[in-house]
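Trainee: heads up, no residue letters with this:
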């Protein structure tokens, strides 16, 4: 009878703890100590790896009020095939690819007046903070479908630091998984 009472008490306490904390008492204790096991070893490893080393810092920028003729000239010079619109304080305002340029040229011809860079830029572009991790970068690339994602100093100031390429993120993910597998096999 005592064994059954202890089992019932344990079950009830587990249910109450999960209702209050949203997880088991053990998971709550681990989380308080900074140990996160959500998503397994690979996900945890990806959350610890920052994107800082992958950032391409030398990117072509253009002012928001730049004329379309200048946008056309500058985009031809870029290796990325993309311009990043920044204000005088390098705050990220949007991005322009050849597709936006083509649309802008059509719009300029239709209107019969000069169009500026900010008018054709994708101003709702996905961006990452420079302290973002590999997991966040993979999610951003997957959700946006963009090859390059702008990296800013933080979400408040939005000063453009550079961009990350989806290939570099995928390569970092592959290396992280190889490292996890090597650790599991005792090779590291």
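Mentor: Perfect, I can see it now. Everything numeric in this text was worked out from a predicted model, so none of it was measured.
Trainee: tell me which helix or strand the residue most central in space within the chain sits in.
Mentor: What sits nearest the mean C-alpha location of the chain, by CA atoms, centre = their mean, is residue 137, with 3.5 Å. Following DSSP states H and E, one finds residue 137 within helix 134-144.
Trainee: for this protein, what helix or strand is lowest in average pLDDT?
Mentor: helix 25-32 (a mean of 64; mean pLDDT, DSSP states H and E).
Trainee: on that earlier part again, what mean pLDDT does the helix holding residue 137 have?
Mentor: Mean per-residue pLDDT for helix 134-144: 88.
Trainee: show me which positions of that helix end up buried.
Mentor: 134-138, 140-141 (16 or more other CB atoms under 10 Å). To be clear about C-beta, it is placed using only N, CA and C from the backbone, and glycine gets the same treatment.
Trainee: count of neighbours near the nearest residue to residue 115 once chain neighbours are set aside?
Mentor: Take residue 115 and drop its neighbours on the chain: the residue closest to it by CB to CB, 6 or more residues apart in numbering is residue 108, 4.4 Å away. By the measure other CB atoms under 10 Å, the count of residues near residue 108 is 18.
Trainee: any idea which element residue 108 lies in?
Mentor: Going by DSSP H and E, residue 108 is part of helix 98-111.
Trainee: by contact count, what packs against that helix?
Mentor: helix 68-77, helix 117-120 (3 or more CB pairs under 8 Å, 6 or more residues apart in numbering; DSSP states H and E).
Trainee: point out the most buried one among those.
Mentor: A comparison of these by mean neighbour count, using mean count of other CB atoms under 10 Å, puts helix 117-120 on top with a mean of 21.
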